[in-house]
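> could you work out the structure for the sequence below:
(one chain, ligands or ions: 1)
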Amino acid sequence: MIELKNISKVYNKSKSNEVNALQNIDLKIEAGSMLAIMGPSGSGKSTLLNILGCLDVASAGTYKLNGQELQSLSRGKLAAVRNQHFGFVVQDFALIEDYTVMKNVEIPLHYSKNKVNKKEKTLALLDMLGMKEKASEYVYNLSGGQRQRVAIARALINNPDIILADEPTGALDQKTGEQVLAIFKKIHKEQNKTVLIVTHDEKIAKQCEGIINIVDGKIVKKSY
Ligand SMILES: Nc1ncnc2c1ncn2[C@@H]1O[C@H](COP(=O)(O)OP(=O)(O)OP(=O)(O)O)[C@@H](O)[C@H]1O
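Below you'll find the predicted structure:
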């Protein structure tokens, strides 16, 4: 369960280019939900996702994850929370082009204590995502849809309970985007993972259980 209370984020505080990226965000997200986050460019969607995923900290407010207050944690402890609970998927896949599929998926395991059965775990995930036969292929030989499957496998390798996806279908054509969304739906349904997807695509958002709408750093509507 995610609980944000009165969260604000100010970039470049007290400088001439100060930005109030998030203002007074109150949000409760039940474990096991699948929600879309929508809003115009620059409205604060990525900022919100970064704070939720412990990649950044809020300027004010409180963030509780499963009852644990995160706001006051040291960087090291926050990183441990991030590695334990979150998997990230981004629009441009963020894969290493001249590594194989297998090697890309295993990257998060380098930062984890959880290194047992590395190969088996990776192959099982690639199998689930229809990418097992590409395990030894280099990323530069893959299509966009295949790359995003690899990125999803990498996000899942540490068995996080929350997947944060920032425009995961943004670089894909409609059909491939739908296929990638179907993967998120499957992970959500079969593994009961919380899935939060930032998207500009109404069709994608409508297939989630609810939508959070952000405008100018404020939540203007929550439909769930
Ligand atoms: N590191 C940063 N330093 C300064 N300003 C930033 C930084 N990151 C984001 N901003 C500003 O904060 C505001 C919110 O940005 P954010 O990237 O969260 O919006 P977004 O809704 O994800 O946008 P987009 O849909 O274009 O990705 C914008 O005005 C942006 O310019």
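
> so in terms of bridging, what pairs with the spatially most central residue of the chain?
Per CA atoms, centre = their mean, the C-alpha nearest to the average position across the chain is that of residue 164, at 1.5 Å. Taking DSSP bridges as the rule, residue 164 bridges to residue 88, residue 196.

> confidence score at it?
With respect to pLDDT, residue 164 has a value of 98.

> helices or strands next to the helix or strand hosting residue 150 in the packing?
According to DSSP states H and E, residue 150 maps onto helix 144-156. With contacts taken as 3 or more CB pairs under 8 Å, 6 or more residues apart in numbering; DSSP states H and E, helix 144-156 sits against strand 86-90, helix 101-106, helix 118-128, helix 174-191. All C-beta spots, glycine's among them, are computed from the backbone N, C-alpha and C.

> for this protein, what lies in contact range of the ligand?
11, 12, 19, 21, 39, 41, 42, 43, 44, 45, 46, 47 (CB under 6 Å from any ligand atom).

> drop anything exposed from these.
21, 39, 43, 44, 45, 46, 47 (16 or more other CB atoms under 10 Å).

> any idea which of those residues is closest to residue 138?
residue 46 (29.0 Å; CB to CB).

> pretty sure that closest one sits in a strand.
No: counting by DSSP: H, G, I helix; E, B strand; the rest coil, residue 46 is not part of a strand but helix.

> residue contacts, it?
If you count contacts by CB atoms under 8 Å, 6 or more residues apart in numbering, residue 46 has them with 166, 198.

> that's a strand at residue 4, yeah?
Yes: counting by three-state DSSP, residue 4 is found in a strand.

> ok, now how distant is residue 212 from the ligand?
12 Å (CB to the nearest ligand atom, to the nearest Å).

> ok, that residue to residue 179 distance?
24 Å (CB to CB, to the nearest Å).

> which one of the two is surrounded by more residues?
Each of residue 212 and residue 179 has its neighbours counted (other CB atoms under 10 Å); residue 212 has more, 24 against 16.

> now do stretch 99-111: distance to the chain's middle.
Averaged C-alpha coordinates place stretch 99-111 at 17 Å from its chain's average position (CA atoms, centre = their mean, to the nearest Å).

> what sits up against that stretch?
With CB under 8 Å, 6+ apart as the criterion, stretch 99-111 contacts 83, 95-96, 115, 118-119, 122-123, 125-126, 131, 134-139, 142, 150-151, 153-154, 157-158.

> list only buried entries from these.
Members of these classed as buried by 16+ other CB under 10 Å are 83, 95, 118, 122-123, 125-126, 131, 134-135, 139, 142, 150-151, 153-154, 157-158.
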